[in-house]
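1. From the sequence below, what's the structure:
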Amino acid sequence: MLLIYVVKIGPRLDYVFKQICGRILGLEFEFTTNLEHFIAHNGPKMSYGKSPLGNEFFVQSHDLLFSQGLEDWEIHVRSWEETIGFFATGESSVLPFDIFAASFYLLSRYEEYLPHVKDELGRFPYTESLAWKHNFLHQPVVDLWAYKFGAHLHKAFPELAQNKRTIQNIVVIESKRPFEFLYRGFLRTLLGFVSDLYKLRLGRLVWRAQVLLGLRKDPYDTFKWIIKLSKSSKARVILFFLLGEGYTFRETLKTNRQGYVNLIKLVADYLEIGMILSYHFLSDLPRLINEKQQLESYTRRVLQASFNDRQKVKLPEVYRNLVEAEIAQDYSMYYYNQFGFRAGTCTSFLFYDLEYEVKTPLELMPVVGKTLALRENPVSNIEQTFTSFYQSVESVGGHFIMVFSNRDFEPNKDNKIWRYLFSEKLIKRAG
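-> Numbers count the residues shown, from 1 in each chain. I've put the predicted structure just below:
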């Protein structure tokens, strides 16, 4: 066990040490504010504060973990071997940067509480992030820092046991539009026929008619293919369905139709089901609870996972609602149009409410990105980006989480790369 001496134990300190020492490194540790107890301890120990007590293993602290509320801290990002660091320390510190304060800054999404320019949908854009501005969005820096800290600990205390993690593949499939032609309601279906006829898309018009008559499978119905490939895989595959109102008129389905309900029940027999929170009702807690209960009535299981439509993360309100609704995991922690580690990590972490200064039970899952962010790239660039991020996660044994759509698996030449990444790189590799 590692004994850690601090002058004061606060919620920020407790939160980030449990993430780095506990979740990432798997260390057994304990805090003490009793100097006599610390000095008398014969096992592995370290101090975290402004100055060392003697010649012990010492990491100099930044003020961030001992403060409350929000301050616009001055941050200087500097190179640190293969990565970067900020909140520099003095010569007496074993580490050149206070990785605990820096990790808290990224994990708590501190910068998203500060004044910033939002995009057209009210989201925090990746271009406003510290990681993008200083070119480390592509690195899980919190995990890299943790392992650097772990290496120093091992050198000082070889007897101290640490985790040996392996990568975990999690595939998120957004099924916001599970059907192209089915269950769209009479008016939308009629408008679809009129549009196809007006634009002389006769092939599509015939296809629509065949699907509605039951003569042909809906083009977006790729669920049996997904289930078949996922059955024997160790990868965790979660399909997310939207029960509420779509962002646009085109995305809204008749979700109470029996065919739609049957689809959810079919998928739930084999795979985990999650819920997409409607963009227009992210702040409506009663509606969220109602939709959660509705989905649970279909699957006969407790809903564990959700994500926000269009990846709008309105801190802290939306996450507070998830806590109130007793949803365990959220998959919204990524940028809608850019691959990267939004919170600087590839390890799941608990949501810390900066306004209330409290750690919550809501687990935030670090998604690297969705296919939409890569869609305009050449196939060779898509695979290269995928491989680069996968290797980054694999090197620290974290979670590799990528978001696909059921539409990505429609069997046509444009979707060949997505079918390949899903089936060969994630499903089979995890097996």
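2. how about the helices of the stretch 51-200 of the chain, start to end?
-> 99-107, 110-113, 130-133, 141-156, 185-198 (DSSP state H, counting those that start in this stretch).
3. who are the neighbours in contact with residue 382?
-> Taking CB atoms under 8 Å, 6 or more residues apart in numbering as the criterion, residue 382 is in contact with 374, 417, 421. No exception for glycine: its C-beta is placed from N, CA and C like everyone else's.
4. still on that earlier bit, can you redo the helices of the stretch 51-200 of the chain as CSV with mean neighbour count?
-> Shown next, in CSV, are the helices of the stretch 51-200 of the chain (neighbours: other CB atoms under 10 Å):
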stretch, mean neighbour count
helix 99-107, 25
helix 110-113, 17
helix 130-133, 18
helix 141-156, 20
helix 185-198, 13
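5. how about these, which one is nearest residue 284?
-> Between residue 284 and those, the tightest spacing by CB to CB is seen for helix 110-113, at 21.4 Å.
6. and that closest one, what other elements does it pack with?
-> Using 3 or more CB pairs under 8 Å, 6 or more residues apart in numbering; DSSP states H and E as the contact test, no helix or strand touches helix 110-113.
7. hey, what's the closest residue to residue 236 other than its chain neighbours bridged with?
-> In space, residue 236 comes closest to residue 170 once its chain neighbours are excluded; the distance is 4.6 Å by CB to CB, 6 or more residues apart in numbering. Listed by DSSP bridges, the beta-bridge partners for residue 170 are residue 236, residue 401.
8. neighbours around residue 170, how many?
-> 23 (other CB atoms under 10 Å).
9. and the gap between the residue most central in space within the chain and residue 17?
-> Residue closest to the mean C-alpha point of the chain, counted by CA atoms, centre = their mean, is residue 366 at 2.6 Å. Distance, residue 366 to residue 17, by CB to CB, to the nearest Å: 19 Å.
10. What angle do helix 141-156 and the longest helix belonging to the chain make with each other?
-> Using DSSP state H, we find that the single longest helix of the chain is helix 379-396. Using axes from the mean of the first three to the mean of the last three CA atoms, to 10 degrees, the inter-axis angle of helix 379-396 relative to helix 141-156 is 30 degrees.
11. Could I get the CA-only coordinates of helix 379-396 as CSV?
-> Extracted C-alpha coordinates of helix 379-396, given in CSV (Å, rounded to 0.1, in the frame of the first residue of the first chain):
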residue,chain,number,x,y,z
VAL,A,379,-10.1,5.4,-47.3
SER,A,380,-6.4,5.2,-46.6
ASN,A,381,-6.5,8.2,-44.3
ILE,A,382,-9.5,6.7,-42.4
GLU,A,383,-7.7,3.5,-41.7
GLN,A,384,-4.5,5.4,-40.8
THR,A,385,-6.4,7.6,-38.3
PHE,A,386,-8.2,4.5,-36.8
THR,A,387,-4.9,2.6,-36.4
SER,A,388,-3.1,5.6,-34.9
PHE,A,389,-5.8,6.1,-32.2
TYR,A,390,-6.1,2.4,-31.6
GLN,A,391,-2.4,2.0,-31.0
SER,A,392,-2.5,5.0,-28.6
VAL,A,393,-5.2,3.3,-26.5
GLU,A,394,-3.5,-0.1,-26.7
SER,A,395,-0.2,1.3,-25.4
VAL,A,396,-1.9,2.2,-22.1
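12. average pLDDT for it?
-> For helix 379-396, mean pLDDT rounds to 96.
13. next one: that helix to chain centre, how far?
-> 17 Å (CA atoms, centre = their mean, to the nearest Å).
14. Next, the buried residues of that helix.
-> The neighbour-count check on helix 379-396 (16 or more other CB atoms under 10 Å) flags 382, 383, 385, 386, 389, 390, 392, 393, 396 as buried.
15. of the contacts of residue 382, closest to residue 406?
-> Once CB to CB is applied, the member of these that ends up nearest residue 406 is residue 421, at 14.6 Å.
16. and the closest one, how many neighbours?
-> Counted with other CB under 10 Å, residues neighbouring residue 421 total 22.
17. Let me know whether it touches residue 384 as I believe.
-> No: counting by CB atoms under 8 Å, residue 421 stays clear of residue 384, with 11.8 Å between them.
18. ok but residue 275 is inside a strand, no?
-> Yes: judged by DSSP: H, G, I helix; E, B strand; the rest coil, residue 275 forms part of a strand.
19. How much space separates it from residue 306?
-> Shown here: residue 275 relative to residue 306, a distance of 5 Å by CB to CB.
20. Which neighbours do these two have in common?
-> 240, 327.
21. For the stretch 151-300 of the chain, which residues score under the pLDDT cut-off?
-> 181-194, 196-198, 202-213, 215, 245-256 (pLDDT under 70).
22. All the strands of it, residue numbers only.
-> 168-175, 236-242, 272-277 (DSSP state E, counting those that start in this stretch).
23. Compare those strands and report which one is nearest to residue 49.
-> Nearest of those (CB to CB): strand 168-175, 35.1 Å.
24. Now tell me what touches that closest one from outside.
-> 223, 226, 230, 234-242, 274, 276, 307, 331, 365, 367, 370, 398-406, 422, 426-427, 429-430.
25. Buried ones among those residues?
-> Using 16+ other CB under 10 Å, the buried members of these are 223, 226, 230, 235-242, 274, 276, 307, 331, 365, 367, 370, 398-406, 422, 426-427, 429-430.
26. Check the gap between residue 221 and residue 262 for me.
-> Plainly put, residue 221 is 12 Å away from residue 262 if you go by CB to CB.
27. These two: who's more crowded?
-> More crowded of residue 221 and residue 262, by other CB under 10 Å: residue 221, with 18 against 11.
28. Wait, that one touches residue 178, no?
-> Yes: taking contacts as CB under 8 Å, residue 221 lies within contact range of residue 178: 6.9 Å.
29. Name the residues contacting each of those two.
-> Counting by CB under 8 Å, 6+ apart, the contacts common to residue 221 and residue 178 are residue 406.
30. what's residue 71 in contact with, if anything?
-> Residue 71 neighbours (CB under 8 Å, 6+ apart): none.
31. hmm, back to that, of the strands of the stretch 151-300 of the chain, which is nearest residue 350?
-> Of all these, strand 168-175 sits nearest to residue 350, with 17.2 Å by CB to CB.
32. domains of the protein?
-> Residue ranges for each domain of the chain read 2-156, 168-179+220-430, as given by automatic domain parsing.
33. For those domains, could you give me TSV that also reports distance to residue 200?
-> Formatted as TSV, the domains of the chain follow (distance: least, CB to CB, whole Å):
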stretch	distance to residue 200
domain 2-156	33
domain 168-179+220-430	20
